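Chemist: Below are the sequence and a predicted model for it; my questions follow.
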Amino acid sequence: MTSRTLPLSDGGTAHILEAGAGEPLLLIHGVGMCADAWRPQIDALRGGYHVVAVDMPGHGGTSALSPTARLPDFVAWAARLVEALDLGPVNLAGHSMGALVSAGLAVERPDLVRRLALLNAVYCRGPEARAAVMARADELARGKSSIDGPLTRWFGDDQAAIRDRVAGWLKQMDLQSYTTAYRSFAEGDRTYAEHLDRIACPALILTGDGDLNSTPGMSVEMAARIPRGRAVIVAGHKHMVNLTGPDTVNDALRTWLNSEVAHERI
């Protein structure tokens, strides 16, 4: 696996990890994480694909966006990234905030997306869930940051080793970049929701049955809206299912990557 910094057309840069050869597979993580959060998928899929995991804006080694950036700005960044990779349309998988970005890119720039996978994605939160996530965004904006809440929501009691690894990534985050990404995540669950039926490529929508925020119901609804959508619910896991249940997730990704693409875009 190699690490490199990729220049983007707006003058920014993106830090990526890449391995393997074949069809391109781009992986976009969630708020507070980093490209290395996809390590189980990189290791499992590098044998048949050119796997690229990227640090999101303001995370790891990638340039930050403006503090006022919102989800469409992250989607525009993802388009610049795919164009800079110069690999043609990519198989695109996103987790959590990365799933919102990935879905937005599939809506806005279908020419850049060969297949789409949304892991632990949010969709049209109800009033109570929306109030809770907006309250957390407001706390971050006031400089109040605690990693205990996310870790409790994301992990079970028997997942201490993975929890500690994720805690380390969260502790390294720049608060302003974290706040910008989290505000975009909090406000972005409906941004592209009414346009999911435009997504024509094969789409996997996967979550854990214990994820109380990116719920199984949301995944089922998204899969129903996307013409070629398929929902997969992983039993016994919460929000970080790609880390806590990698074998199941990797099997689902392999099935998705083998799904037929209606036509190749030039």
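Modeler: Happy to help now that I have it.

Chemist: Which strands and helices lie in contact with the worst-scoring helix or strand of the chain on mean pLDDT?
Modeler: The least trusted helix or strand in the chain, going by mean pLDDT, DSSP states H and E, turns out to be helix 148-154, with a mean of 90. Applying 3 or more Cβ pairs under 8 Å, 6 or more residues apart in numbering; DSSP states H and E, one finds that helix 148-154 contacts helix 160-171. All C-beta spots, glycine's among them, are computed from the backbone N, C-alpha and C.

Chemist: Check which helices and strands the helix it packs on sits against.
Modeler: helix 148-154, helix 241-244.

Chemist: Need those in a markdown table (columns: distance to S96).
Modeler: Output for these, formatted as a markdown table (distance: least, Cβ to Cβ, whole Å):
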| stretch | distance to S96 |
| --- | --- |
| helix 148-154 | 10 |
| helix 241-244 | 10 |
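
Chemist: wait, which of the ones you listed is closest to R230?
Modeler: Of all the helices and strands packed on helix 160-171, it is helix 241-244 that lies closest to R230, at 15.9 Å by Cβ to Cβ.

Chemist: and that closest one, C-alpha only, in CSV?
Modeler: Extracted C-alpha coordinates of helix 241-244, given in CSV (Å, rounded to 0.1, in the frame of the first residue of the first chain):
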residue,chain,number,x,y,z
VAL,A,241,-19.7,-2.1,11.0
ASN,A,242,-16.9,-2.0,8.4
LEU,A,243,-14.4,-2.3,11.4
THR,A,244,-16.4,-4.5,13.7
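
Chemist: so how far is the next helix or strand after that helix off the chain centroid?
Modeler: Per DSSP states H and E, helix 241-244 leads on to helix 246-257 as the next helix or strand towards the C-terminus. The chain centre lies 15 Å from the centre of helix 246-257; the measure is Cα atoms, centre = their mean, to the nearest Å.

Chemist: what's the angle from helix 246-257 to helix 160-171?
Modeler: 70 degrees (axes from the mean of the first three to the mean of the last three Cα atoms, to 10 degrees).

Chemist: deepest of the helices and strands packed on helix 160-171, which one?
Modeler: Highest mean neighbour count of the helices and strands packed on helix 160-171: helix 241-244, a mean of 26 (counted as mean count of other Cβ atoms under 10 Å).

Chemist: how far out from the middle of the chain is it?
Modeler: A distance of 13 Å separates the centroid of the chain from that of helix 241-244, by Cα atoms, centre = their mean.

Chemist: any residues touching that helix, and which ones?
Modeler: If you take Cβ atoms under 8 Å, 6 or more residues apart in numbering as the criterion, helix 241-244 is touched by 37-38, 40-41, 95, 119-120, 155-156, 159, 162, 165-166, 206-208, 211, 234, 237-238, 248-249.

Chemist: for it, what is the average pLDDT?
Modeler: Across helix 241-244, pLDDT averages out at 98.

Chemist: same deal with stretch 76-96?
Modeler: Averaged across stretch 76-96, pLDDT comes to 98.

Chemist: May I have the distance across that stretch, first residue to last?
Modeler: Distance between the two ends of stretch 76-96: 17 Å, counting by Cα to Cα, to the nearest Å.
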